[in-house]
Structures are given as C-alpha cells and as structure tokens.
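Novice: Generate a structure from the sequence data that follows.
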Amino acid sequence: MVTMQQFLLRQPAAPEETSTDRYYLDLCNRLLEVAERERLFPSYPVKVVERTAMAVIGYYQDVICDAGIWRSFINECRRLYGYTVPFYDNGEEEYLDYELNRIDVRFMVWYGLSMNYEARRVWNPLDSEIVNGADEWWRILDEVYDESPLPADYRLTHELEMHAEEDSEAIYKLGSWLFLHCYLMTPAYAMTLSEIASGIDLSKDDGMKKLQESMDRSMGEDPTGPLALYLREWLYLIIEGKLPPSRKEKEKGEHKYYTAFTRATGGKEMAIFKSYEELNSFFISALGWESGQEHLPQIKGGHDFILMVNREKGMLLARDIARCICCPDNPLYEKDYAKVHAIELLTERGCCPGDLLRHICANGWLPDAVFPGDDNHGLVAANYDFISRCYLQQYYRGD
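Specialist: As a prediction, the model looks like this:
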C-alpha cells in the first residue's frame, strides 16, 4: 500500500498535508486493494503498480478540479494528431472534456506501467491485461466521481498570468512541481533522471550539489511528459491555453557538406552503406575527407549505416538500423528482421537521430514497426510521433 509520505511527494502542496490528501490516498489504496484481490496486473511488480495507481489518482484529482494539466495534454494531442488520447478509441462512449473518461484511465495505466518497468517498457497499449485492469480502476473512480471533494491546492494554475510580476513566484513553484513531481510528467522523465544520476557519484561530498545543478539545468533544457514538451511549453499550455511564441533562430546558410553529399548521391539526402569500409570510402571520395585515413574510427565494426544530410545542420549518422528501413534503393532491408527490431527506432534512446527518424516515418519507411507480441502495424504507424516523443524525449525533440 502507498503511505502518506509517498503520496505527498506527488502532491502540489508537498511536504504539507492538505485537507483532502487522506481521501485521495485512501482512494489510491482502494485501487491497489482491488488490483491485488482481482490480480489485475500479475505481470508487473507491486511497486510499479503502486506508482501507476498514484499517477492515475493524480489524473483523477486534475479532472475533478480542472487543474489544466490533462486539458493541456488532450488539446495538444488534438492539435498534433487529430485524436484526443493516443492509442485508444472511445468507441460509442462520448468523450467528456475535463471529466473522467475510460480511455483516459487506460492511457494512464499503460503509461504508468510502461514507463516505470524496464522489463515491459515497450508494451502493447491494447494488451488485455492493461485494458481490463484499467477498466476495473475506471469503474471504481466512476462510482465515487460525483462525491469526490475538490483536491486542495490542485488548482495551481487558476488566475495566473504568465507575464504578471506578482505571479512569478507561483509560476516558478508550479513549474518545479510540474517538472519533477506531476503525475503526467514523472513517468516519462524517469529515464532522463536515471541518466542524469548515473553520471554523478553521490558518495562524494559534492555529489548532491552536482545532482541539484544537473536537475536545474535539465528543467531549463530537457523536455518532459508524454509529449516531450519543454517546461516553458507546458506552462504556456496550462496557463494560457496555447504554446509560447516560437523563438526565431538565426537563418543558417547551406552546410558545407550538403552540396557535395547531394552531388554524390544524385540529389538524395540519404545514403545507405553496408559496412564501415563503404562508408569511409564515401567520406573520402564524395566529401573530400583525407584519403588513406579511417574516419570516425569509433564506429568501425558497425554495419548497416544510414547517412543523412540536412541543408542547414549538416550530416547525421545512424548505425545498425538500415535493415529496418523499407525505402527505395535499400538492398539491406530485411522484413523479418524489421518486424522484431523496427520498434526500437521509436523507443530506444540514441538508436536513431530525431531528424532521420522523422524523415523515415514521414515517408512511410518503417512499415513493420509493431509493439512486441503484436502484429498491429497500424497502431504504431498512426502514433509514431507520439511514441517517439514519449520514449525518446530529448533524443527526439532535443535537436
């Protein structure tokens, strides 16, 4: 069961206990009691189910008082994709904005379980264990929906203005909670946090200081949440209902490699090489790199390379993925291999650069990507951008 101390870590007023925290903690533990009694999620460790239950209750608190976080999420999903909740069709049920919905709970259960459990991190959202367990939790929440109290201090965003000086302290507090503790952000951010912590020796005297400095940097530079939005974007969506004005970047001239690359490939911006030797030969003959040298020796021993050039950014390189790419003039494509491994491009950080991945998916060159144990290619194809944002985070949006 979840303790009050654990529960408060996810609450906006933490570490203070508010008048409604006991109610929502008890409701969270009721979900867990039912999950244990009915064996709703037998494939997942208890701690993972507990974290998922807290995320579901966070969503529930949000819609009870329309805190604006979930509203921002579904509105941005509609803008980006034309649907309300990734993966799930509402069927004959009417979707009720800013209220409890069955498909919301399904999504939150999939999201919580997947992001918190490495062994099933990449798992089919339509798996019966996830859907049936989520539906049982939804029934419990639906039973008490009309009698649940407005969660104290969960309406952090109401009456705030982004540029009002008197609201600056409240907005900073909101931003800190959103980024580090909010039910919607925490699951997707967990791997980024793990990456940050793995590079710091906490046993040293300055370990905690370095961790805090890294966290502060991350808040300013890294995206978070299932849509991999930057904190500034989340704040604008929640407070103003729209994304912030885009920051104009200085126009860049054509990169020095672009002309040489496209001249060598007959105008194509992507080239595929089976071996390091072929790739290195291209660097020398097409780009004019020094002959007789082994360029980028750190990738020697790799295979199935894809090299892509961008008019402004220059070149980017991916290795060991060409067999997954069903594009014209790719002799390395292997359908059976792609059925197993193509999903990795969307879910494994560092597997494929973001610009290249967007180019591949936009052209329909990843037709074999499916969730493990499933053959629903359409589910991944319809949600490739969302999947990439959710799993890859800064590796997809950070470039």
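Novice: So in the protein, which helix runs the longest?
Specialist: Scanning the chain for the helix with the most residues, using DSSP state H, yields helix 46-65.
Novice: Only the C-alpha atoms, please, for it, written as PDB.
Specialist: Extracted C-alpha coordinates of helix 46-65, given in PDB (Å, rounded to 0.1, in the frame of the first residue of the first chain):
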ATOM      1  CA  VAL A  46       3.900  -4.300  -6.800                       C
ATOM      2  CA  LYS A  47       6.000  -1.100  -6.700                       C
ATOM      3  CA  VAL A  48       5.300  -0.400 -10.400                       C
ATOM      4  CA  VAL A  49       1.500  -0.900  -9.800                       C
ATOM      5  CA  GLU A  50       1.700   1.400  -6.800                       C
ATOM      6  CA  ARG A  51       3.400   4.200  -8.900                       C
ATOM      7  CA  THR A  52       0.800   3.700 -11.600                       C
ATOM      8  CA  ALA A  53      -2.000   4.000  -9.100                       C
ATOM      9  CA  MET A  54      -0.600   7.300  -7.800                       C
ATOM     10  CA  ALA A  55      -0.400   8.600 -11.400                       C
ATOM     11  CA  VAL A  56      -4.000   7.600 -12.100                       C
ATOM     12  CA  ILE A  57      -5.100   9.300  -8.900                       C
ATOM     13  CA  GLY A  58      -3.200  12.400 -10.000                       C
ATOM     14  CA  TYR A  59      -5.100  12.400 -13.200                       C
ATOM     15  CA  TYR A  60      -8.300  11.900 -11.300                       C
ATOM     16  CA  GLN A  61      -7.600  14.900  -9.000                       C
ATOM     17  CA  ASP A  62      -6.800  17.000 -12.000                       C
ATOM     18  CA  VAL A  63     -10.100  16.400 -13.800                       C
ATOM     19  CA  ILE A  64     -12.100  16.800 -10.600                       C
ATOM     20  CA  CYS A  65     -11.000  20.400 -10.400                       C
END
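Novice: got the angle for the helix or strand following it vs helix 46-65?
Specialist: Counting by DSSP states H and E, the element after helix 46-65 in chain order, helix or strand, is helix 69-81. Going by axes from the mean of the first three to the mean of the last three Cα atoms, to 10 degrees, helix 69-81 is angled at 90 degrees with respect to helix 46-65.
Novice: Can you name the element that comes right after helix 69-81?
Specialist: Assigned by DSSP H and E, the successor of helix 69-81 is helix 102-116.
Novice: What is that following helix packed up against?
Specialist: Applying 3 or more Cβ pairs under 8 Å, 6 or more residues apart in numbering; DSSP states H and E, we find helix 102-116 packed against helix 46-65, helix 128-144, helix 186-198. Where you see a C-beta, it was placed from the backbone N, CA and C, and this is true even at glycine.
Novice: rewinding a little: what comes up buried for the longest helix of the chain?
Specialist: For helix 46-65, the buried set under the neighbour-count rule, 16 or more other Cβ atoms under 10 Å, comprises 48-65.
Novice: Kindly export the longest strand belonging to the chain (C-alpha atoms) in CSV.
Specialist: Using DSSP state E to define each element, the chain has its longest strand at strand 303-310. Output of strand 303-310 as CSV, limited to C-alpha atoms (Å, rounded to 0.1, in the frame of the first residue of the first chain):
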residue,chain,number,x,y,z
HIS,A,303,27.2,-2.1,-40.1
ASP,A,304,24.0,-1.1,-41.9
PHE,A,305,24.8,2.6,-41.7
ILE,A,306,22.5,5.4,-42.8
LEU,A,307,24.0,8.8,-43.5
MET,A,308,21.7,11.8,-43.9
VAL,A,309,22.4,15.4,-44.8
ASN,A,310,20.4,18.4,-43.8
